[in-house]
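> I need the structure of the sequence given here:
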Amino acid sequence: MKLPYRVLLLVALVLSFAPVSIDAAPPPSAPETYIVQPGDTLFALATRFRTTVTAIKQLNKLGESDLIQVGQKLLIPPAAAPTTITRHVVQPDETLYRIALRYGTTVRALAQLNDLAHPNLIAPGQALAIPPNADVIKPGILIDPPTARQGGTILIQIARPEIANVTGAFNGKPITFTPSAGYLYALVGISRCAKIGNAPLSVTLTDPYGASVTETASVSIEATAFVIQKLTLPSGKGALLDSALQTREAAQLAALVNKVTPARLWSGAWRQPLYGPVSSAFGTRRSYNGGPVGACGHEGTDFDVDANTPIYAPARGQVVFAGATQIRGNMTVIDHGVGVFSAYYHLAALDASAGQIVEPGTLIGKVGTTGLSTGPHLHWSVFVHGEYVDPLEWTRRAIP
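Presented below is the predicted three-dimensional model:
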């Protein structure tokens with residue numbers, strides 16, 4: 001039977017207000033199904049979805065096991081909307097310490113978030129979740145570490161596409177950028193007597209078309225707890241404390257280590273030139289023969305070892321000086337490139353000559369007590385653009 005037009009219209013209106021059965025989204029209280037991705041851990045998922053590892057285990061009947069597999073379906077307990085989580089893919093030669101510095105977090109936080117039983121064992125290609133409170137100061141600009149300390153070394157990396165030139169200044173002094181594989185970097189040495197507080201960084205980036213943009217950041221410089229050491233010099237060596245002599249010899253050394261060779265000669269973390277107890281740490285404030293305590297502290301790290309102990313190059317470089325000085329005694333200076341130098345004082349023998357290319361482990365000299373010295377030891381200094389920095393930091397970090 002054919003229905004009248006008015007009846008059909010009424011039916012259509014009724015149907016338009018009637019409930020329609022569709023595949024609606026689950027109510028807010030329903031668990032969410034998640035497919036495990038490469039690099040996921042229960043810690044990372046708990047952080048991302050604002051829940052706990054225990055809640056995920058109980059909902060999925062995982063028992064005591066923390067193991068999950070790529071492709072595995074997990075029910076995620078109801079919680080607030082998931083947060084955006086940063087992932088980092090481990091690169092060759094990276095360490096968890098360096099990754100923590102990059103994102104302004106700690107090794108412990110990374111290890112806990114990613115359930116790393118052995119934080120030192122990470123592999124290239126491994127995906128790591130970054131704690132949500134971690135931050136990079138500027139997109140495409142890495143300051144490593146973001147908080148510096150007196151005597152430390154800062155690495156500044158620029159990873160921006162289509163950048164033709166980069167210039168910059170740190171704390172009012174110009175810094176030099178060096179091109180590398182896919183980025184540019186600059187090294188800054190923080191004086192062992194640097195002023196505590198925030199130091200300004202400005203970076204000007206110019207694209208191939210000549211357009212420039214300047215970005216700024218602030219780097220916090222924190223105090224290093226340097227100890228005080230009182231030394232008594234052997235008879236006849238007090239004359240080496242003469243201020244005019246010290247100024248003259250410091251200027252001669254500065255002329256060597258303020259040069260910049262364009263190529264970086266070293267790779268990875270450095271080895272120590274020798275191994276033995278440290279008798280005077282970098283930056284130690286010293287008093288000689290009962291005199292006043294120096295304001296700026298020890299220029300390097302002293303190792304208390306026997307006379308004639310062999311000294312080896314810590315990294316690849318070129319010897320630029322090997323000879324006698326009054327205060328530093330027999331000294332060897334190595335240029336490692338891009339404004340980084342190392343120096344070795346008070347030697348008994350010089351086993352490398354100026355102009356020689358040395359590799360890590362090359363014999364460069366033997367321990368002695370020449371110059372301003374109270375007994376056999378090795379004094380090891382490292383310079384970044386003429387600034388003394390802590391040598392042992394270079395053995396703990398791969399810079400850059």
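> name whatever forms a beta bridge with His379.
Beta-bridge partners of His379, counted by DSSP bridges, are Asp302, Tyr345.
> and the one 5 residues further on, by the same measure?
When bridges are assigned using DSSP bridges, the partners listed for Val384 are Val340, Glu387.
> look at it and say how many residues are nearby.
Using other C-beta atoms under 10 Å, Val384 has 22 other residues around it. Every C-beta, even on glycine, is put in place using the N, C-alpha and C of the backbone.
> with the one 3 residues further on instead?
Glu387 has 20 neighbours, counted by other C-beta under 10 Å.
> please determine how far it is located from Val257.
9 Å (C-beta to C-beta, to the nearest Å).
> which parts of stretch 294-313 are buried?
Residues Gly297, His298, Glu299, Gly300, Thr301, Asp302, Phe303, Val305, Thr309, Ile311, Tyr312, Ala313 are the ones in stretch 294-313 that count as buried (16 or more other C-beta atoms under 10 Å).
> span of it from start to end?
One end of stretch 294-313 to the other measures 29 Å (C-alpha to C-alpha, to the nearest Å).
> what does stretch 259-271 give?
Counting by C-alpha to C-alpha, the terminal residues of stretch 259-271 are separated by 23 Å.
> next: stretch 279-291.
20 Å.
> so which bits of it are buried?
Buried, per 16+ other C-beta under 10 Å, within stretch 279-291: Ser279, Ser280, Ala281, Phe282, Gly283, Thr284, Arg285, Arg286, Tyr288.
> where in this protein is pLDDT low?
The chain contains residues with pLDDT under 70 at 1-29, 39, 47, 79-85, 97, 101-102, 104, 106, 119, 132-139.
> the stretch 1-150 of the chain: helices as residue ranges?
Using DSSP state H, counting those that start in this stretch, the helices of the stretch 1-150 of the chain run over 5-17, 42-48, 53-60, 96-102, 107-113.
> returning to that earlier point: will you turn the buried residues of stretch 279-291 into a markdown table that also has distance to Glu94 and secondary structure?
Shown next, in a markdown table, are the buried residues of stretch 279-291 (distance: C-beta to C-beta, whole Å; DSSP: H, G, I helix; E, B strand; the rest coil):
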| residue | distance to Glu94 | secondary structure |
| --- | --- | --- |
| Ser279 | 34 | strand |
| Ser280 | 33 | strand |
| Ala281 | 28 | coil |
| Phe282 | 26 | coil |
| Gly283 | 28 | coil |
| Thr284 | 32 | coil |
| Arg285 | 36 | strand |
| Arg286 | 38 | strand |
| Tyr288 | 43 | strand |
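> out of those, flag the one nearest to Trp270.
Distance to Trp270 across the buried residues of stretch 279-291 (C-beta to C-beta) is lowest for Phe282, with 14.2 Å.
> neighbouring strands - and their directions - for the helix or strand where Met331 lies?
Element membership for Met331, per DSSP states H and E: strand 330-337. According to DSSP bridges, strand 330-337 forms sheet pairs with strand 317-324 (antiparallel), strand 340-350 (antiparallel).
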